[in-house]
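[1] Here is a sequence with its predicted model. Questions after.
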Amino acid sequence: MTLVKLWWAISLPRTAYLKVTYLLAESYVTNIVAEDKHLRERLAFKYLSCLAKPVNPAFAGEITALWCEFEEGITDAARLVRSTDALECMTQAVEYEERLRRQADLKEFMELESQVTVPTLKEWVKHLKQDREDIWSPERADILVLFVLGMTAVIDLIESS
C-alpha cells in the first residue's frame, strides 16, 4: 500500500491527534535513545493527564485513550505515527552528522529502523541509510568554498587602513 493510499485509508484527524498526544509526552523527554525512554514518556504522559483531569476529565480520558492506542500500535494510524516518529529521529541524526561534518557518530539512532513498520516508509529508510553511508564514506571530501564579492570592497578596506 502506498503512503497516499494509507493516508486515505485511515482517519487523518485521528492520526494528527495521536501524533500531538505523543509529542506532548515527548516534549518532556526529548528525542533520546535510552533504555528507559518509554518509561520516561509514559510517566510524562501520566503527569500531563493528571494536570488535565481536574480541569477537563473528558479531555484527559480522550488523550489517555489516544496514548494507549499509540503505545500499543494496534491501529493503522498508530503504526503510521510510530513509524514516522522513528524515521524523523533517524533523519535528524543523519542531518546532524552531516552538519557537524562527521564529528558526531549518531549510529545508535539507526537502530530505530526496526520501528519503521509501514512498507513505504521502509523504502525511505533505505534511502536514508544510503545517504548516511555517503556521508561517512572515506572518499567524501569536505570542500570549503569561499566567495569574495566585489573587488572594490577589498580595495576600500585596504585604503581605509
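    That came through fine.

[2] Name the residues of the strand or helix carrying E133 that are buried.
    Using DSSP states H and E, E133 sits in helix 119-136. For helix 119-136, the neighbour count (16 or more other C-beta atoms under 10 Å) marks L121, W124, V125, L128, R132 as buried. Heads up, the C-betas are built off the backbone N, CA and C, glycines and all.

[3] so how far is it from its chain's centroid?
    Its chain's average C-alpha position is 14 Å from that of helix 119-136, according to C-alpha atoms, centre = their mean, to the nearest Å.

[4] Would you format the buried residues of helix 119-136 as JSON lines with pLDDT and distance to A52 included?
    Shown next, in JSON lines, are these (pLDDT from 0 to 100; distance: C-beta to C-beta, whole Å):
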{"residue": "L121", "pLDDT": "91", "distance to A52": "31"}
{"residue": "W124", "pLDDT": "92", "distance to A52": "34"}
{"residue": "V125", "pLDDT": "95", "distance to A52": "35"}
{"residue": "L128", "pLDDT": "94", "distance to A52": "36"}
{"residue": "R132", "pLDDT": "91", "distance to A52": "39"}
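
[5] Brilliant, that's me finished.
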